[in-house]
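1. Predicted structure and sequence below. I'll ask about it afterward.
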Amino acid sequence: MDVSIASPTDDLPARVARRPTIGGDEVRKLLETPREALWARADAIRSERVGDAVHLRGIVEFSNICANDCLYCGIRRTNRGPKRYRMSADEILALAHRMKGWGHGTIVLQSGEVDRPRENDRIARLVERIRHDTELSVTLSCGNRSPEIYRRWRDAGMDRYLLRFETSDPALFAELHPDCTLDERLDCLAALADLRVQVGSGFMIGLPGSSLDTLIEDIRLVHALDLDMVGVGPFIAHPATPLAGRANLWADDPEMVFQVIATLRLVDPDLRLPATTALDAFFPGTGRDLALQRGADVFMPNDTPGRYRHDYQLYPNKPCVDEGDGSCAGCVTARIWSLGRMIGEGPGHSPKSLRRSPVA
């Protein structure tokens, strides 16, 4: 199959997206396509399929308490460095009211993983209050839960759930995540899809122990899952973890991350693809801008109050850690305008979700 993508009339993305599966050879050819050509084609498809608006989804890292001990993560259970915190519901709600004025259509509530009845109840009440009192869409990212808890959160008003599978390699997943298996993570994603909420997932690029073949299988898994949103970013180990000092597989070829973003846009044109924060750590000050020019269409500013940010560093050199409350809003707007793009209005729901029927 011809995988040349330089021509704007090439129908490869449409042909691929209609297939039940995508072959590894097809993904490999895309990843090996000359970069400027691939990026230009991905940007054209992004404009055609999801438009030029960049939707803002503000992240609020409301708790860094985590029961898991993932080998690369700065808030892992056994890391004694961060001061553990949990924001109050009133504090989060006050912040949500401000976010609407900053042009954000979505609040992304992110935390460590604590699967306890009291915490699950607290999150459900928080979602209800945000949906009742604001116009924001609500995305949760709180780890593995049972289908019953996901249903409860959906009924409370959750629109989306973000749960990255991190790697498609079961053995590598098990090595990096001692508290979970890849099958368990995929079961959670399946339960969310059954509830007809918008499902986001993704993976890390350049994990120790991975390879180009792993990356190809990661992209194939994204395609098979038929996700609404996919967030990818480079592996960067926190210095207080067992993987401290381990280099990214693509350290000598860092722009592979943009090959992945562009390839994802081509194999699944209707995805919401965020320019993730870790890109600015890998490419200081420019990573997210470059992603928006190479297939991405969502920006996720950090709206966590400044006093908590130092204690929610999943990886080192995380941008915006020293900025004040609300400071990301003006910066993000200026960055997006400088690229000739505009801020998206409304929740920015996935085009796929608009074609689905809700379920009871």
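-> It's in.

2. leaving aside the residues next to it on the chain, what's closest to residue 243?
-> Counting by CB to CB, 6 or more residues apart in numbering, residue 243 lies nearest to residue 237, which is 3.9 Å off, once chain neighbours are set aside. The way it works is simple: take the backbone N, C-alpha and C, and place the C-beta from them, glycine included.

3. can you pull the contacts of residue 308?
-> For residue 308, the contacting residues are 61, 64, 85, 87, taking CB atoms under 8 Å, 6 or more residues apart in numbering as the criterion.

4. just the buried members of these?
-> 61, 64, 87 (16 or more other CB atoms under 10 Å).

5. Out of these, which sit inside strands?
-> residue 61 (DSSP state E).

6. now, which of the buried ones among the contacts of residue 308 sits nearest residue 318?
-> Minimum separation from residue 318 among the buried ones among the contacts of residue 308 (CB to CB) is found for residue 61, which lies at 10.5 Å.

7. bridging residues for that closest one?
-> Residues in a beta bridge with residue 61, per DSSP bridges, are residue 110.

8. Looking at the buried ones among the contacts of residue 308, which is nearest residue 120?
-> The nearest member of the buried ones among the contacts of residue 308 to residue 120, counting by CB to CB, is residue 87 at 16.4 Å.

9. Roughly how far does the closest one sit from residue 304?
-> Counting by CB to CB, to the nearest Å, the gap between residue 87 and residue 304 amounts to 8 Å.

10. Please apply the same query to residue 205.
-> When CB to CB is applied, the distance between residue 205 and residue 304 equals 24 Å.

11. The two: which is more packed in?
-> Neighbours per residue (other CB atoms under 10 Å) separate residue 205 from residue 304, with residue 205 holding more: 26 against 23.

12. Show the contacting residues for the more buried one.
-> 215, 232-235, 248-250, 256-257, 260.

13. any low-confidence regions in the chain?
-> Residues of the chain meeting the criterion pLDDT under 70: 1-20, 324-327, 357-360.

14. Quick test: name the residue nearest the centre of it.
-> The centre of the chain sits closest to residue 231, judged by CA atoms, centre = their mean, with a distance of 3.1 Å.

15. Specify the local secondary structure of the residue lying closest to it once chain neighbours are set aside.
-> With CB to CB, 6+ apart as the criterion, residue 231 has its nearest non-adjacent residue at 4.0 Å, and that residue is residue 202. Three states are possible here, and by DSSP: H, G, I helix; E, B strand; the rest coil the one that applies to residue 202 is strand.

16. pretty sure residue 202 is touching residue 167, no?
-> No. Distance between residue 202 and residue 167: 10.5 Å, which falls outside the contact criterion (CB atoms under 8 Å).

17. The two - which one has more neighbours?
-> In this comparison of residue 202 against residue 167, neighbours counted by other CB under 10 Å, the higher total goes to residue 167 at 27 against 22.

18. these two touch, right, that one and residue 176?
-> Yes. Contact between residue 167 and residue 176 holds when scored by CB under 8 Å: they sit 7.3 Å apart.

19. and for those two, which residues touch both?
-> Each of residue 207 lies in contact with both residue 167 and residue 176 under the rule CB under 8 Å, 6+ apart.

20. Do a quick rundown of the helices in the stretch 201-350 of the chain.
-> Taking DSSP state H, counting those that start in this stretch as the criterion, the stretch 201-350 of the chain carries its helices at 212-225, 256-267, 278-282, 287-292, 306-309, 327-338.
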